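Enquirer: here is a sequence together with a model predicted from it:
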Amino acid sequence: MIRVGRGGLLLALAFAATGCSGVQSALSPSGVEALTIDPLFWTSTWVGVVVTLMVVVVVAIALYGPKDWRARLGGNWLVVGGGIVFPVVVLTGLFIYGLLVMQAGALRSQEAGEGTVTITGKLWWWEVIYSGPNGEEVVSANELRLPVGRAVRLRLLSDNVIHSFWAPQIAGKLDMIPGRVNEVVFEATKPGVSRGQCAEYCGGAHALMSFYVVAMEEAEYAAWLQREAQPAREPATPEETRGRDLFFANGCGACHQVRGTEARSLIGPDLTHVGSRLSLGAAALENDPQAFARWIADNQHIKPENLMPPFRQFSDEELSALAAYLDSLE
Amino acid sequence: MSWGGVPGWRSIASGAAIVLLGAGLLGGAFILSGLYNVAASSNHFDITNFIIRLTLARSVETRSMGIEPPPDLSDERLARLGARHFALGCAPCHASPSTSQNPIAAKMYPAPPPLSHAAEEWDAEELFWIVKHGLKFTGMPAWPALERDEEVWALVAFLERLPEMEGRDYAEFSGTGGERSASALTFAPDRALEETVEMCGSCHGDARNPPVHPLAPPLAGQKEAYLRRALSEYAAGRRPSGIMEPMAAALGPSQIEAVAQHYARASLSPPGTSVDADADAAARGQAIAMNGLGEDGIPACRSCHAAETSGQFPRLDGLPAEYIATQLSLFQSGVRAGSAYSAIMAPIARRLSKEQIEDVAAYFAARSPGDGTGDTAGSEASQ
Amino acid sequence: MAKLEEMRRPEQGTKAFPMLLYLSAGPLLWAGHLTFVYMAHTAICALAGSPAAATAVLLVATGLFLLPLGFLLFKQFRLARLLGLGEAIEDRSIYDGIALFANVLSFVGIAWSGLAVAMLSSCVLGR
Amino acid sequence: MTAPSELPNKGPRPPGELQELERVWKIPTGFRLISAVNNQVIGILYIGIAFLFFLLAGVLGLVMRTQLALPENDLVSQDLYNQIFTVHGTTMMFLFAVPVVEALGVMLLPQMLAARDLPFPRLSAFAIWAYIVGGLVFFSTIFYDLAPKGGWFMYPPLTLKEYSPADNADFWLLGIGFIEISAIAGAIEIIVGTLRTRPPGMSLAKMPVFAWAMLIFAAMIMIAFPAVILATMLLEIERSFGWPFFSAEKGGDPLLWQHLFWFFGHPEVYIIFLPAAGLVSMIVPTMARHPLVGYRLIVVALIGTGFFSFGLWVHHMFTTGIPSLSLGFFSAASMAVAIPSGIQVFSWIATIASSKERFRITTPSLFVLGFLFIFTVGGVTGVMVALVPVDFQVHDTYFVVAHFHYVLIGGMVFPLFATFYYWIPAFSRNMLSERLGRWVFWLMFIGFNVTFFPMHIMGLLGMPRRVWTYPEDLGWGMLNMVSSVGSYILAVGVLLFVIDLLLRFRPTVENSVDDPWGAGTLEWLPTGAYSTRSIPFVQSRDPLWDQPNLAREVEQGLHFLPGAPTGGRETIVTSAVDARPQYIIRMPGPGWAHLVAAVFMAAAFLLLTVKMVTVAIICAVVSISACLVWGWKLDHGPGGGKVDIGAGIRLPTYMAGPRSHAWWAMMVLILVASSLYISYVFSYLYLWIVSPEVWAPHGSPALPGAGWPVGTALLLVAGTAAMVLTRWLLPEPGRREPAVPLLLALAAICLVGASLAEVWAHWSTGLRPAQNSYGAMVYMGSVINLQVVLAVAVLAGFAIARYLTGKLDQERRVNFENCALLYYYAAGQMLFGLLLLHGFPRLAG
């Protein structure tokens, strides 16, 4: 069993597997909904291509065709045939296909989906709450882990502005609207990492509000969830210990939670297992110790307007101790 | 009746242009010749004086329109705070009820007027404007920190009381009582710690006396690193204050070190006079200070402002509510922005509403300075 | 072609409103249908919470809207008479043609909505 | 062929007649030019300013493309980028697209209808000046970091005070305020213009397709714009006073904004497209030298699009979590709207095919052909996004950016350039260069496709819209670079056009190039400032082709109304369907009042935005006073008697009652007001469905007792009765009837009293507007009523003043009728409001 841990390597593997550019592509579906939409998309695309070519050919004939061809084209029949009969026939077909896909989705979402994950759009990151092995809430952030082959129901919320949750490889997008709960069923069909992004303009750092989706085999997922539900690991080295002390002395717990310590605030992302995530700052940075250090001191340049103040008071030594501690929270 | 007609606008215009050009040329020649005497020893013509005074009076009156005095202008404590600055910053040139004008300053032209009757001559808002902005070509400087209106008002509050003041009252008011003269009230690099601290205490209070005004917070028991940083920031002009900047600038690095150590170790001063805080406000403030307000993105104050956290985060327990509220609004408006720490505090302060600021300030003010140990955020959530 | 002579005769009554109604009768039925099914679906789901009732009501409503439209497709002259549009109106055949095809389009539009009612479950969020 | 004996007038015309016509219609010169109202003058100004906004917003587009050319680029900051894309979208939609098509209406419609001017010349001028001042100020906010940054769609809660505390968002609301005013003024103008100022003989069925398109365009504005007017009112009120229409925690709903905005926003696309399609339908037959094939079907397509476009709005909301069956309805309508577009495309192809000889390839026809291709691609992708599941994936991605640029640039900008090349000869001494024109076309066509085609793929690869930067490793870099290069090619094309314009466009009204393309419609008749020398008797759809001597006859003054018999500006009003001459409308000439009104109204809005309330109110008062001064001189009265227009037809020069153009304009205005009110009723019911728990009597204070609404209703009935009575009592000309002003005042007082009573009734129950969405909606009803009541009160005061100065009697009663019509409407609206606000909660609770 490969332990899904360190971001960089796994990401590299994922990129290699999906041809480098497909992690956020709707054209490489690996979820049930995306897979049902895909053929509808391609059908409509090909219909569109044929229609466009047809128009081009007819225009070409109308412009340059022989006289009798042109004379035949120049009548009311073309308008009625091409403008009414033809579209009605083609569009009826497409429409029925579209309704079938919609109805399939509706049925799936009514029947399937155990194990709920609640995702809340924040400014500008994602709070992800799983229900743990014993039904307890397991708070995480900026990453969605899915068991392959099992439908999971996502509850999408927002307590600020409107966001839209979109993981193109798995499914279409659905908005997160204050005052409403939107539900969507996600089912990954094969293991792997893909990427998603906020699709509804939400002000400020909208462009930097992304996340990773990690689909894992069921057993692996269960093990991961078990681990994720545990409290944070204690520091193991003196540097990590120093990092932890700095973390508390500088008030990081005012906004962040590290379960198992007195840091219990949920204003910012939960950091209990931040070291094992694939990214920092809602996929703004890859996850490594240097990135932690950069983020702490310089987050307003990396992700302008984000709600975390910059902590520029640390020396290099202090920064690397802090980074070492955070990185150790796997 | 033929006078050749009325001159057309063209000829009027060209005539005017010629006159203007001629005047300009003559004026230029006069300036370049160096004939004008700029000596401070020679007086203006009466007419020049008249024009200058009229211009000054009109300018002050017009420019001070729309300025609103604060409601606590008649607060005696405010006047006392102003009096202390007056003794140091103004009296050397303007004289005071107990000191005479410095003979050098007396030879300035125009000579700095005594201010005993300034409040009769000018309105409060006009005084405010003059103190804040200074006057061109007179040697009257602008306030060192233009962002700190509340400090300027302190001085105005004092000037408002000055006309009725005798020498003795003044000495008591400005803390220059006894045999000390105003010139003794300056720091010098070689001054002993006790004297320096006495200076600080004259506003910030000491073991016996409370601070003269809430804007000058009690310092005893404050964290050493924070005090050191605060003084260095004042000295370097990174934390704007017309009162503190000149004070801190006069201190050398070793004095700053010593003063910070002194206060960090000092036994706690008696609480300020204004602890009649609204209990409801303090309770609301406590909720914010202990647990923060997640939905507004406001973290718990005590996560940082507690005894065991970094020495750079000031202790807030027992600080006057006015002081805390003023500092928070300075963070909000971007005045306190000169350090890495203000970069942390400013965005958080901006998320606080006016009411929330008052609540939090009431909460901290109501606590006694010794409460701060052992409770960081969340630990007394049930309190 | 109109004769200059006719310019001297005033138009009989104000025909503008009946004419606009005649030309847009079909699209108005379409608009009425969409308004009705959208609102009825939302209201029945929110208040009664009964998908079966919603589907039934919407199907019946679609039928009820298609009926007059179907009638119009074949007997639109009756509507014209009802609205007081005489044969004497200039270019009457052009208006008839416009009305006819507008009705055809509306018929298709309503039928497609009906198709959606027939194929999709009511009162379901669908994701 | 028309025999000379059938001409309305005999030649040669008496000497001096032409000189009189020229004197009456003279365009003011020098600085007084800005007081001009002739449609050719203000039309050019209008198009010019709209085109300026196109260039400015285009530059912003280039900045965005430059920023996105490279991944992780930092040429433009996040905050500035957010401002730029908001201003780009807002400017293109509100300050360019809608105004420019209205401008084309102002410019071309009177010419195509051979009317001497639009029926309300100063109204157009007023709308244009307000738009110029407001638009320029709005755009300039981008230069001092005050530009809105909530996107052109401005979704709350992002745009509420909590998340957008600065004035930026208010500037957006301001910008849109101007376009709302000028669009509705334009709609009134265009509806009355197309229906009532056609030349004798041009029945509806002979109307040029562009006129049909503009008629439907204006009708759509009447229905669509009120929805966004209401939405902007709600948003500004929530921002300023905290009435919770959109805040979920107090029973509001952010989706209410989306419903209202897109109920306007989607038709808006067709509002832009229909006139452009109408223009294409004019150019294609000319280049084919063959009448349009399928005229009837094109009209069907226009009507169909007009209707269907109102059934699509939810397709901007497919991903908001609405029940799937509701999505199905709107998917169906989105499919249906494709058919009318198909009809038009094939109609143009059929016309091209039936060309005499071959279809002429000129610059305008190149643009039309480019349009055909681009628009087809945009239509096809439109069908794709109409499929709900496909939209789940591509919504809010660059696929959609590509789609709507294909539809809008393809559907509107290319026809606009065709229009420029085609119609400039009618208003300029020179044609534009055909040689440069081809360069312009090919650069724009290639540049456009290179810019926007790759965006389809970017979207499918997962690139969302409105992002100022993107990471390198997602594989979007190459496509973005290609797209950015394309945008510069497109820009060079536009630049070349501007150069061509500067080199060759020399505006004139008298010495324009006459009919260089051999077209068949009336705008190619020889013209002066007075439009055509005489107003033609029209017998076919392409009169210049079917009545070969028409141009000469018109120029010799042998058709209708060859002079200026009333000594002022005038044109013929004809019946709406068959175009029989009915009366002569006397129109105002150049003036300053409308200009003052416009500038001060703009100033009032601007000052309100920057919270200088007192000065703003002063400006508003100046503006309203100027409007009154302007209105005072409009009603000439029946003193002119009857005049001969030719063919033995003698027409009155004054008209009151349902035949008068003022009556029609008031009816249009009432339709706009009712459409606003319907949007309000929808919003009320919508919020009730969303949050029934805050509704009275359970979630809010109990309703006021039944005595309140009944008493209010009685007041309204009494006022209406007084108004009806006044109509009966209007004295004969020259007589007096002292009861008239008293009754008018009584009616106005009843109306004002009723509206205040309604506010007080709710206030006394303890209900407050900021309490919850129910309270907000209740008082919003009164806000909407008060607007109308205020207008009625001003009109009533105006009518009283007219009576007291002896300018109101049984014959001369247009002022009274306007007031009465609006009064009846206001009373009706308020009665309905009473039923809704007092009856519905009792019923539902």
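Expert: Perfect, thanks for sending it. Note that this is a predicted model, so its numbers are computed, not measured.
Enquirer: hmm, what's the outermost residue in chain D?
Expert: Ranked by distance from the centre of chain D (C-alpha atoms, centre = their mean), the top residue is D:Asp473, with 45.3 Å.
Enquirer: which parts of chain A are helices?
Expert: Ranges of helices in chain A, per DSSP state H, are A:7-17, A:32-64, A:67-73, A:76-80, A:86-111, A:218-229, A:238-249, A:289-302, A:316-328.
Enquirer: and for the nearest residue to A:Gln313 once chain neighbours are set aside, the neighbour number?
Expert: Leaving aside its sequence neighbours, A:Gln313 sits nearest to B:Ala340 (C-beta to C-beta, 6 or more residues apart in numbering or on different chains; 4.1 Å). The C-beta positions use only the backbone N, C-alpha and C, and glycine is treated the same way. Counted with other C-beta atoms under 10 Å in any protein chain shown, the neighbours of B:Ala340 add up to 15.
Enquirer: likewise for the one 3 residues further on?
Expert: Neighbour count of B:Ala343, defined by other C-beta under 10 Å: 16.
Enquirer: repeat for the one 3 residues further on
Expert: Neighbours of B:Ala346 under the rule other C-beta under 10 Å: 19.
Enquirer: check which helix or strand it maps to.
Expert: Assessed by DSSP states H and E, B:Ala346 sits inside helix B:340-350.
Enquirer: okay, angle between that helix and helix A:289-302 too, please.
Expert: Computed by axes from the mean of the first three to the mean of the last three C-alpha atoms, to 10 degrees, the angle separating helix B:340-350 from helix A:289-302 equals 60 degrees.
Enquirer: what does the stretch 201-330 of chain A put close to chain B?
Expert: A:248-251, A:253-255, A:262, A:264-267, A:307, A:309-313 (C-beta under 8 Å from any C-beta of the partner chain).
Enquirer: kindly apply the preceding question to chain C instead.
Expert: So chain C never meets chain B (C-beta under 8 Å from any C-beta).
Enquirer: hey, where'd the helices end up in chain C?
Expert: Counting by DSSP H, the helices of chain C are C:16-23, C:25-43, C:51-82, C:92-119.
Enquirer: next, count neighbours for residue 321.
Expert: Just so you know, I chose chain A. That count, for A:Ala321 with other C-beta under 10 Å as the rule, works out to 25.
Enquirer: wrong chain, I was asking about chain D
Expert: For D:Gly321, using other C-beta under 10 Å, the count is 21.
Enquirer: any regions of chain B where pLDDT drops low?
Expert: Within chain B, the segments meeting pLDDT under 70 span B:1-7, B:177-191, B:268-277, B:370-383.
Enquirer: the stretch 151-300 of chain B against chain A: which residues are in contact?
Expert: Residues of the stretch 151-300 of chain B lying near chain A (C-beta under 8 Å from any C-beta): B:Gly292, B:Gly294, B:Glu295, B:Gly297, B:Ile298, B:Pro299, B:Ala300.
Enquirer: TSV please, covering those residues and showing distance to chain C and secondary structure.
Expert: Conversion of those to TSV gives the following (distance: C-beta to the nearest C-beta, whole Å; DSSP: H, G, I helix; E, B strand; the rest coil):
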residue	distance to chain C	secondary structure
B:Gly292	35	coil
B:Gly294	28	helix
B:Glu295	26	helix
B:Gly297	30	coil
B:Ile298	34	strand
B:Pro299	35	coil
B:Ala300	38	coil
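Enquirer: circling back to that earlier point, which of the residues of the stretch 201-330 of chain A next to chain B are buried?
Expert: A:248-251, A:253-255, A:264-267, A:307, A:309-311, A:313 (16 or more other C-beta atoms under 10 Å in any protein chain shown).
Enquirer: what's the farthest-apart pair in those?
Expert: A:Leu266 and A:Gln313 (24.5 Å; C-beta to C-beta).
Enquirer: now the stretch 151-300 of chain A against chain C: closest residue?
Expert: A:Val184 (4.2 Å; C-beta to the nearest C-beta).
Enquirer: what about the residue lying closest to that residue once chain neighbours are set aside, how many neighbours?
Expert: Excluding the flanking residues, the one nearest A:Val184 by C-beta to C-beta, 6+ apart is C:Arg127, at 4.2 Å. Here the count is done by other C-beta under 10 Å, and C:Arg127 has 25 residues near it.
Enquirer: point out where the stretch 601-750 of chain D drops to low pLDDT.
Expert: Looking at the stretch 601-750 of chain D by pLDDT under 70, you get an empty list.
Enquirer: so who does D:Thr574 touch?
Expert: D:Arg196, D:Thr197, D:Arg198, D:Pro199, D:Pro200, D:Met202, D:Arg580, D:Pro581, D:Gln582 (C-beta atoms under 8 Å, 6 or more residues apart in numbering or on different chains).
Enquirer: only the buried subset of those residues, as a PyMOL command please.
Expert: Applied in PyMOL, the following selects the buried portion of the contacts of D:Thr574 according to 16+ other C-beta under 10 Å:
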select buried, chain D and resi 196+197+198+199+200+202+580+581+582
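Enquirer: among the contacts of D:Thr574, which are within reach of chain C?
Expert: D:Pro200, D:Arg580, D:Pro581, D:Gln582.
Enquirer: return the closest of those residues with respect to C:Ala25.
Expert: D:Arg580 (24.9 Å).
Enquirer: do I have it right that that closest one meets C:Lys3?
Expert: No. Using C-beta atoms under 8 Å as the test, D:Arg580 is too far from C:Lys3 to be in contact (12.0 Å).
Enquirer: which pLDDT value goes with the residue in chain C that chain B sits nearest to?
Expert: Chain C approaches chain B most closely through C:Leu125 (26.3 Å), counting by C-beta to the nearest C-beta. Here the pLDDT value assigned to C:Leu125 is 83.
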